[in-house]
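Undergrad: 3D model of this:
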Amino acid sequence: MALETLTAVTASRDPALFTYNNVTIAGGFKFPNDGHTFLVVSNDAGDVAFTFTITKTLDSQTATRAETVTASTIMFMGPWPVELYNDSSGYVFVTPNQDMATVYGVAVVSL
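TA: All right, here's what the predicted structure looks like:
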C-alpha cells in the first residue's frame with residue numbers, strides 16, 4: 001500500500017490554523033521532519049497504536065517505537081531526532097494499527 005504524505009504546518013508568533021488529516025491507509029503515513037517537528041493526534045474512539053520506524057541500525061537490527069493514543073484524547077508527540085527517525089529523504093514513517101479515518105485525525109507541526 002502507498003504511504004500518505006502529510007504536510008507540516010510551521011508554527012510562528014502569527015496564528016497558524018491547522019487541520020487534522022484523516023489517515024485512510026492502515027499501511028501508514030509519512031511526514032517531513034527537521035528535528036523540531038511534532039505530531040498531534042486527536043482520537044475520538046478506541047485506543048490506536050502508532051509504530052514509528054527508527055532508521056538507525058544497531059548490531060544489524062532495526063527498531064521501532066510504539067505509542068498508543070488512548071480513546072477520547074488529543075496527544076502531542078515529538079520532537080523526532082533526525083539521525084534516528086528520518087529516512088534519506090527527510091521523512092518519518094508511521095504505521096497505525098488500524099484504518100480509522102472517521103475517528104482520528106493527525107496533524108504535523110514544525111516549530
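Undergrad: who touches stretch 80-87?
TA: For stretch 80-87, the external contacting residues (C-beta atoms under 8 Å, 6 or more residues apart in numbering) are 30, 33-35, 37, 52-56, 90, 92-93. C-beta here means a position set from N, CA and C on the backbone, and glycine is covered the same way.
Undergrad: quick check: buried residues in it?
TA: 80, 85-86 (16 or more other C-beta atoms under 10 Å).
Undergrad: let me know the closest of those residues to Ala63.
TA: The closest of the buried residues of stretch 80-87 to Ala63 turns out to be Tyr85 (C-beta to C-beta; 10.6 Å).
Undergrad: the top strand by length along the chain - contacts with which helices or strands?
TA: Across the chain, the longest stretch assigned as strand under DSSP state E is strand 48-58. With contacts defined as 3 or more C-beta pairs under 8 Å, 6 or more residues apart in numbering; DSSP states H and E, strand 48-58 has these neighbours: strand 61-69, helix 82-85, strand 91-96.
Undergrad: could you redo the last one with a cut-off of 6 Å?
TA: Under the contact definition 3 or more C-beta pairs under 6 Å, 6 or more residues apart in numbering; DSSP states H and E, strand 48-58 sits against strand 61-69, strand 91-96.
Undergrad: dump those strands to JSON lines, plus distance to Phe18 and mean pLDDT.
TA: Putting the helices and strands packed on strand 48-58 into JSON lines (distance: least, C-beta to C-beta, whole Å; pLDDT from 0 to 100) gives the following:
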{"stretch": "strand 61-69", "distance to Phe18": "17", "mean pLDDT": "87"}
{"stretch": "strand 91-96", "distance to Phe18": "17", "mean pLDDT": "92"}
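Undergrad: may I ask which helix or strand of this structure has the lowest mean pLDDT?
TA: Least confident helix or strand of the chain, by mean pLDDT, DSSP states H and E, is strand 104-110 with a mean of 85.
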